[in-house]
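In: just need the structure, nothing else, for what follows:
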Amino acid sequence: MEKKEKTAEKEKKENSEKEFEKKDFVSVKEAFQKKGSVSVRGWIKRKRELKGKIFVLLRDPSGELQCIILSDKIQKKDFEDLQKNSIEASVEFKGILKEDSRAPNGFELIVEESKVIGESLNFPIQKDLSEEFLLDVRHLWLRSSKMQAIMKIRSTIMYAVREFYKKENYFECSPAIITPNACEGGTTLFPLKYFNEKRFLSQSGQMYLEVMIFSLGKVFGLTPSFRAEKSKTARHLTEYWHLEGECAWMNMEDQMHEIEKMVSFVCLKVAEENPEELKVLGRTPADLKAIQVPFARISYDEALEVLEKKYKQKLPWGSDLSIKEEKLLSQDEKIPFFIYGYPTEIKAFYAKEMPDSKKCFSFDLIGPEGYGELCTGGQREDVNQHMLKKLKKEKIPLENYNWYLDLRKYGSVPHSGFGIGIERLLRWICKLESIKDTIPFPRTMNRSYP
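Out: Okay, here's the model as predicted:
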């Protein structure tokens with residue numbers, strides 16, 4: 001008899017669980033619109049207990065909802081399961097959603113049925129932990145409100161750049177990631193053994209995208225790039241996502257105009273689609289809506305004059321602008337601006353020289369508020385003899401560049417391009433101190449875990 005009772009109790013429990021599974025779950029955001037009887041599921045963000053009550057702040061990707069669980073309203077075991085679990089346990093609740101001005105978002109759920117789906121005992125992340133510890137547990141820290149907001153905005157940016165370039169009649173291309181040659185210089189390459197040959201992880205897809213303009217005209221790529229820079233600054237990663245474009249028949253000024261339109265478009269998209277996430281990060285949508293074209297343009301020579309007059313930073317002509325100088329130039333600005341006409345000597349061999357040969361048709365887009373360089377670009381050299389001269393001067397082996405030089409032998413045209421790190425753009429848009437927070441799993445010279 002006792003065995004039959006246990007079997008009946010087990011069947012009743014299984015049937016109850018099946019009934020719970022049949023419920024039509026809605027997101028937190030949808031629950032606010034539906035009201036009344038709703039079923040929701042997500043993770044426990046906060047929990048506190050008070051005399052037979054448990055208050056749970058439930059989170060899901062769409063929002064947060066305060067839930068009240070009374071010990072005499074649900075089964076004893078379900079209440080005890082909630083008691084023993086810490087934050088980040090996954091749960092399913094069914095109850096009555098009521099308006100309450102005291103609750104977050106103005107609603108609270110009076111829970112009638114509760115089920116713990118995945119336990120979480122002693123979740124390791126608490127308040128006031130070091131940056132290094134949070135990087136060690138990055139796989140868990142990504143659940144935080146801050147990281148969730150950043151990742152949502154990152155997603156918007158990735159969609160937005162593709163939308164912009166589709167609208168502007170560009171074709172998306174996929175440049176090679178394994179490459180025989182350097183684009184930005186051999187000292188920052190990650191070598192790898194490629195069967196019986198030595199190859200490298202790509203620093204940039206620029207050269208491969210240049211190939212495509214002779215077929216497609218205007219192209220862009222959104223791919224990972226790798227740079228072995230031994231830098232510990234707040235704006236350097238060894239692995240990052242690189243938005244690059246190349247365009248036939250465009251000069252430097254044309255390309256700057258394309259860049260400012262794209263950045264303005266992306267900022268407006270983020271302002272429209274992520275107002276709540278921006279507020280979490282201390283940025284208002286109005287800040288980004290104000291990013292409108294045209295952006296200001298100053299020459300390299302003018303930048304040196306500003307540094308000398310305003311900041312007492314005298315630099316010899318021909319010096320590259322450091323992070324410090326870029327910060328000084330941009331700290332009082334609210335909108336990105338261009339610096340153009342850099343010395344030929346400090347730019348790559350493919351930068352097209354101006355008539356006086358001391359300067360080249362190259363530009364940087366500088367982020368406001370001290371964020372420094374966001375994008376670099378310019379007009380590409382379209383005459384082989386000029387490029388060969390630079391390659392020989394820099395003692396760069398020609399054998400790996402024969403295919404690239406072919407582009408100037410057969411139907412060369414004036415063309416220009418750019419490269420912008422998604423993480424640098426995101427860092428400025430979100431007003432982040434460190435670029436490490438712009439990518440799910442940051443890679444730096446001291447970190448490749450997790």
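In: quick one: secondary structure of Glu244?
Out: strand (DSSP: H, G, I helix; E, B strand; the rest coil).
In: pull the number of nearby residues for it.
Out: 24 (other CB atoms under 10 Å). The way it works is simple: take the backbone N, C-alpha and C, and place the C-beta from them, glycine included.
In: nearest spatial neighbour of it, skipping sequence neighbours?
Out: Gly419 (4.6 Å; CB to CB, 6 or more residues apart in numbering).
In: report pLDDT for that neighbour.
Out: With respect to pLDDT, Gly419 scores 98.
In: so it belongs to a strand, correct?
Out: Yes. Gly419 forms part of a strand when assessed by three-state DSSP.
In: partner residues bridging it?
Out: Note on Gly419: beta-bridge partners Glu244, Thr376, judged by DSSP bridges.
In: and it, what is it in contact with?
Out: 204, 206, 242-244, 375-377 (CB atoms under 8 Å, 6 or more residues apart in numbering).
In: switch the cut-off to 6 Å
Out: 204, 242, 244, 376 (CB atoms under 6 Å, 6 or more residues apart in numbering).
In: out of the residues you listed, which is nearest to Thr438?
Out: His242 (13.3 Å; CB to CB).
In: can you count the residues close to that closest one?
Out: 22.
In: tell me, how many neighbours does the residue nearest to it when sequence neighbours are not counted end up with?
Out: Nearest residue to His242 in three dimensions, chain neighbours excluded: Ser225, at 4.0 Å (CB to CB, 6+ apart). Around Ser225 there are 25 other residues, counting by other CB under 10 Å.
In: tell me the secondary structure of Ser225, please.
Out: From three-state DSSP, the assignment for Ser225 is strand.
In: contacting residues around it?
Out: By CB under 6 Å, 6+ apart, the neighbours of Ser225 are 202-204, 240, 242.
In: so, low pLDDT: which residues of this structure?
Out: Counting by pLDDT under 70, the ranges of the chain that qualify are 1-22, 182, 184-186.
In: so who does Ile259 touch?
Out: Per CB under 6 Å, 6+ apart, neighbours of Ile259: 365, 375, 418.
In: can I have the buried ones of those residues as a PyMOL selection?
Out: This is how PyMOL selects the buried members of the contacts of Ile259, with burial counted by 16 or more other CB atoms under 10 Å:
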select buried, resi 365+375+418
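In: make TSV from the contacts of Ile259 and add distance to Asp301 to it.
Out: TSV is the format used below for the contacts of Ile259 (distance: CB to CB, whole Å):
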residue	distance to Asp301
Leu365	18
Cys375	21
Phe418	22
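In: out of the contacts of Ile259, who's nearest His386?
Out: Among the contacts of Ile259, and counting by CB to CB, the member closest to His386 is Phe418, at 20.6 Å.
In: which ones are touching that closest one?
Out: So Phe418 contacts 245, 255, 259, 375, 377 (CB under 6 Å, 6+ apart).
In: please redo it, this time with the cut-off set to 10 Å
Out: 206, 220, 243-247, 255-256, 258-259, 262, 363-365, 375-378 (CB atoms under 10 Å, 6 or more residues apart in numbering).
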